[in-house]
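>>> Sequence unavailable; structure follows:
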């Protein structure tokens, strides 16, 4: 009887504790939902605003009653922007540069990252510190030396020795992007090397030692054992590389003057609008928004298909944790 009496208060206390925990869980879910919706709105709002402007017809330019949904929806703005940007020709060149740089950067940074992670040599820590330092150095500080390097490109003075000319002019060609990507000195390559180094350092040494015992060389161990285990990092770096190269306007503006790419064509869109008859500043803004959406549309499509692999890659690499 005493046990039953003593048990009743404990049940009430436990019930209150359970109800309190449920209430806290509900409140946390509500707060979390509000935060997620707010963050998503902040991220998506610029795209929605651009889309709303880009779909407006000329009849809606001075209509103050329109906030989000146009009354005269039209795709002519995209057609005009694409014509002014020479969109398809510029997109072809952009795809060539982005895909080539992505493949070369992924391959070269994988090898360099593996070397820093597994092959210890004198001065390796100092060299890796310099690699990390390249992440924070603004590219504007080395703009002139890098331009002159490709304007008078030479390898140990051999070209000048053989031909008598002061190097080879590689400006306005794809070679600056190819050379810098193949040598792991291209756009954001310091970050990619860091990602691969962290990935290879996290892999067990035992599988590598077992491969050595079986007679594998360093290179064979790399592409037979280590490389297949770094697929998430490869996907992450490949996506990062493609997106950043696609959006790059600094290096393409520095090395390319005649070749058209999407980022520089978008920057030159206001100048191209000067040839439009009856130019209107508000209509210019509509065309700019349409041009911006045309540039980022391929990236959005790629993200829709690759977002799962991208998230998994970020979770498993050294970017977090």
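Looks like it came in fine. Please read all numbers here as calculations on a predicted model, not as lab measurements.
>>> Please tell me how far residue 71 sits from residue 52.
Going from residue 71 to residue 52 by CB to CB, to the nearest Å gives 12 Å. (Each C-beta comes from the backbone N, C-alpha and C, glycine too.)
>>> out of those two, which sits in the busier spot?
Higher neighbour count among residue 71 and residue 52: residue 52, with 16 against 11, using other CB atoms under 10 Å.
>>> and that one, what helix or strand is that in?
Assigned by DSSP states H and E, residue 52 belongs to helix 2-54.
>>> same for that helix, what does it pack against?
In terms of contacts (3 or more CB pairs under 8 Å, 6 or more residues apart in numbering; DSSP states H and E), helix 2-54 is packed against helix 281-316.
>>> Measure how far the helix it packs on is from the centre of its chain, please.
Distance of helix 281-316 from the chain centroid (CA atoms, centre = their mean, to the nearest Å) equals 11 Å.
>>> what's it packed up against?
helix 2-54, helix 76-85, helix 231-247, helix 262-267, helix 269-272.
>>> Show me which residues of the third one are buried.
Within helix 231-247, the residues that count as buried by 16 or more other CB atoms under 10 Å are 232-247.
>>> Next, the angle from it to helix 281-316.
Angle between the axes of helix 231-247 and helix 281-316 is 160 degrees (criterion: axes from the mean of the first three to the mean of the last three CA atoms, to 10 degrees).
>>> neighbours around residue 123, how many?
Residues within reach of residue 123, counting by other CB under 10 Å, total 8.
>>> For residue 73, give me its contacts.
When contacts are counted by CB atoms under 8 Å, 6 or more residues apart in numbering, residue 73 touches 55, 56, 57.
>>> now the helices for the stretch 101-250 of the chain?
For the stretch 101-250 of the chain, the helices defined by DSSP state H, counting those that start in this stretch cover 124-136, 143-151, 158-163, 175-182, 189-202, 205-213, 218-221, 231-247, 250-255.
>>> Report the buried residues of the last one.
Across helix 250-255, burial judged by 16+ other CB under 10 Å covers 251, 252, 254, 255.
>>> where are the low-confidence patches of the stretch 151-300 of the chain?
Scanning the stretch 151-300 of the chain for pLDDT under 70 picks out 275-279.
>>> burial of the residue nearest to residue 200 when sequence neighbours are not counted, as a residue count?
Closest residue to residue 200 apart from its sequence neighbours, by CB to CB, 6 or more residues apart in numbering: residue 117 at 3.6 Å. Neighbour count for residue 117, taken as other CB under 10 Å: 20.
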